[in-house]
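Participant: need the 3D shape of this:
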Amino acid sequence: MLEIRTFDGRRATEAQIDECHELRSAVYVVDYPDLPVQTRQETAAGLRTPSAQHADELRWQARLDGWLVGQAMAGLPGDGNEHIRACTSRCIRTTGGGGSARS
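Facilitator: Predicted structure coming up:
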């Protein structure tokens, strides 16, 4: 069963950071083969510290049978602009959860 839930990266546990890093790494290898994959520390910093360009970041995670298979983020500006400034998503498709961490 697919579940989509909000996710607060600022309160992420070490296990949740591991999951996010594993997902991000899998996406980078396929979608951005010429770019280096971020380190786990860079992933943790990105989750725990919103971008300086955003007043707030809203995050969601998608889980399939408990396995993290996708995540999305919307960056909201704080400068009076009421429009979404940034929106990103990462998704992998797995069979039986292969490679993605399970909570």
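
Participant: now the strand or helix carrying Gln41: buried residues?
Facilitator: Using DSSP states H and E, Gln41 maps to helix 40-48. Under the neighbour-count criterion of 16 or more other CB atoms under 10 Å, helix 40-48 has Arg40, Thr43, Ala44, Gly46, Leu47 buried. Where C-beta positions appear, they are placed from N, C-alpha and C, glycine not excepted.

Participant: JSON lines please, covering these and showing distance to Glu57 and pLDDT.
Facilitator: JSON lines is the format used below for these (distance: CB to CB, whole Å; pLDDT from 0 to 100):
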{"residue": "Arg40", "distance to Glu57": "19", "pLDDT": "97"}
{"residue": "Thr43", "distance to Glu57": "14", "pLDDT": "93"}
{"residue": "Ala44", "distance to Glu57": "15", "pLDDT": "95"}
{"residue": "Gly46", "distance to Glu57": "9", "pLDDT": "89"}
{"residue": "Leu47", "distance to Glu57": "9", "pLDDT": "90"}
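
Participant: from those, which is closest to Gln61?
Facilitator: Nearest to Gln61 among these is Leu47, at 11.2 Å by CB to CB.

Participant: which residues sit in contact with Gln41?
Facilitator: Shown in contact with Gln41 (CB atoms under 8 Å, 6 or more residues apart in numbering): no residues.

Participant: I meant to write Val37 there.
Facilitator: For Val37, the contact set (CB under 8 Å, 6+ apart) comprises Arg24, Ser25, Tyr28, Val29.

Participant: cool, and Met73?
Facilitator: Applying CB under 8 Å, 6+ apart, we find Met73 in contact with Glu57, Leu58, Arg59, Trp60, Ala86, Cys87, Thr88, Ser89.

Participant: now the buried members of those residues.
Facilitator: Glu57, Arg59.

Participant: quick one: which of the contacts of Met73 has the lowest pLDDT value?
Facilitator: By pLDDT, Ala86 ranks lowest within these, coming in at 66.

Participant: from the centroid of this protein, which residue is nearest?
Facilitator: Gln71 (4.6 Å; CA atoms, centre = their mean).

Participant: return the set of residues that bridge with it.
Facilitator: Beta-bridge pairing for Gln71 (DSSP bridges): Gln61, Arg90.
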